[in-house]
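Asks: need coordinates for the below:
(one chain, ligands or ions: 1)
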Amino acid sequence: MADKRAFAQFDVGYLDNPKIQEILDAGPYAVLMHAASILYCAQHLTDGKVASGHMQRKVGGTAADTKVLIDKGLWHLPGHDCEHCPDPEEGKVYVHDYTEHNRTSDGVKRASQAGKRAAAGRWNKDQDDAKGNAQRMRGASKPHSAPQCAEDEIAMPREKERERETTEAKASVPRKRAKRIPEDFAITETMRAWGRENTPTVDGPQETVKFINYWQAKAGRDATKLDWVATWRNWMLNAKERQSGNKPNATENARSILQMGRDLQEGALFDGSGTNQPAISQGSFGG
Ligand SMILES: [Zn+2]
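Replies: Numbering: from 1, shown residues only. Next comes the predicted model:
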């Protein structure tokens with residue numbers, strides 16, 4: 001079950017949190033046990049459920065430390081009254097607000113499946129099944145939208161702030177600096193829909209793998225783009241043209257010229273190196 005890339009989220013202010021400070025005063029082992037429980041749940045994808053005795057043994061804590069964590073509301077016993085957290089099964093505790101800050105097992109599975117689909121699926125297969133990949137990958141760990149209980153919060157408001165900033169930055173792509181292709185570049189549902197509409201005959205996943213390989217292997221400023229999705233769309237249009245023997249019909253021609261115009265407006269085709277070489281010309285290296 002252990003995933004070498006598994007991670008848990010800790011607020012950088014974790015040890016300065018007033019509640020954690022109180023517990024530190026009472027005894028550091030309880031804090032260690034709390035941290036251990038978060039790490040354990042993240043490693044084993046237990047969705048916040050953990051055996052308190054296991055955590056005691058792991059760090060050398062005692063039943064008294066467990067009681068401190070329960071009294072302070074950081075761990076919940078079955079039948080607890082925190083309205084944000086589900087009940088653990090008998091014999092376990094639930095780490096307060098765990099899924100608010102960390103990945104659920106479902107979310108991890110879905111993200112992994114979405115990645116596989118992007119590599120192996122085809123445009124017209126699994127349409128319904130694939131719906132909403134991108135949102136799920138991003139929003140997987142948000143099981144409820146209730147406001148957090150502020151006084152109980154061992155939370156990471158800054159983490160959320162950063163998430164929001166990232167999302168907003170993505171919404172205003174043209175202002176961004178040219179960057180190399182993101183390591184996690186993958187077909188989102190929006191891209192899939194665009195592909196079905198504009199390049200239905202192209203094997204999207206296979207072309208996307210070529211696209212990623214090409215740009216990952218390429219060095220220098222030519223390999224930085226302002227908008228990788230726009231670059232990808234151009235690649236797909238080129239792939240379609242190659243299929244039809246480099247003789248796109250008038251409609252296709254008009255459409256790709258229209259698309260180029262749109263991309264130019266978005267500032268997507270230029271890589272910022274001053275050569276004004278449209279990215280669309282790069283596509284012919286891909287196949
Ligand atoms: Zn709770």
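
Asks: state the mean pLDDT of the helix or strand hosting residue 106.
Replies: Per DSSP states H and E, residue 106 falls inside helix 105-120. Helix 105-120 carries an average pLDDT of 78.

Asks: which parts of that helix are buried?
Replies: 107-108, 110-111, 114, 117-118 (16 or more other Cβ atoms under 10 Å). C-betas here are computed from N, CA, C, even on glycine.

Asks: out of the residues you listed, flag the one nearest to the ion.
Replies: residue 107 (18.9 Å; Cβ to the ion).

Asks: got the CA positions of the host helix or strand of residue 19 in PDB?
Replies: Secondary structure from DSSP H and E places residue 19 in helix 18-26. Output in PDB follows, covering the C-alpha atoms of helix 18-26 (Å, rounded to 0.1, in the frame of the first residue of the first chain):
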ATOM      1  CA  PRO A  18      -2.300  27.200  20.000                       C
ATOM      2  CA  LYS A  19      -3.900  23.800  20.500                       C
ATOM      3  CA  ILE A  20      -0.700  22.000  19.600                       C
ATOM      4  CA  GLN A  21       1.100  24.300  21.900                       C
ATOM      5  CA  GLU A  22      -1.200  23.300  24.800                       C
ATOM      6  CA  ILE A  23      -0.600  19.700  24.000                       C
ATOM      7  CA  LEU A  24       3.100  20.200  23.800                       C
ATOM      8  CA  ASP A  25       2.900  21.700  27.300                       C
ATOM      9  CA  ALA A  26       1.000  18.600  28.500                       C
END
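
Asks: immediately after that helix, which helix or strand?
Replies: helix 28-44.

Asks: would you mark the buried spots in that following helix?
Replies: 29-42.

Asks: can you check what angle separates that helix from helix 105-120?
Replies: 30 degrees (axes from the mean of the first three to the mean of the last three Cα atoms, to 10 degrees).

Asks: how about low-confidence regions in the chain?
Replies: Filtered on pLDDT under 70, the chain yields the residue ranges 1-5, 119-176, 246-257, 260-261, 263-287.

Asks: the helices in it, which residues?
Replies: Assigned by DSSP state H, the helices in the chain fall at 18-26, 28-44, 52-59, 63-71, 98-101, 105-120, 133-139, 157-171, 189-198, 204-217, 228-243, 250-265.

Asks: right, is the fifth one up against the ion?
Replies: Same thing as helix 98-101. No. Using Cβ under 5 Å from the ion, helix 98-101 never reaches the ion; the gap is at least 8.4 Å.

Asks: CA atoms of that helix as CSV?
Replies: Once non-C-alpha atoms are left out, helix 98-101 reads as follows in CSV (Å, rounded to 0.1, in the frame of the first residue of the first chain):
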residue,chain,number,x,y,z
TYR,A,98,-8.2,14.7,8.1
THR,A,99,-9.9,14.6,4.7
GLU,A,100,-10.2,18.4,4.7
HIS,A,101,-6.5,18.6,4.3
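
Asks: so which elements touch the helix holding residue 106?
Replies: Where contact means 3 or more Cβ pairs under 8 Å, 6 or more residues apart in numbering; DSSP states H and E, helix 105-120 is packed against helix 133-139, helix 204-217.

Asks: again, only this time at 6 Å
Replies: helix 133-139 (3 or more Cβ pairs under 6 Å, 6 or more residues apart in numbering; DSSP states H and E).

Asks: tell me the contacts of residue 45?
Replies: 105, 108 (Cβ atoms under 6 Å, 6 or more residues apart in numbering).

Asks: what about it, distance to residue 107?
Replies: Here residue 45 is placed at a distance of 9 Å from residue 107 (Cβ to Cβ, to the nearest Å).

Asks: perfect, I'm done here.
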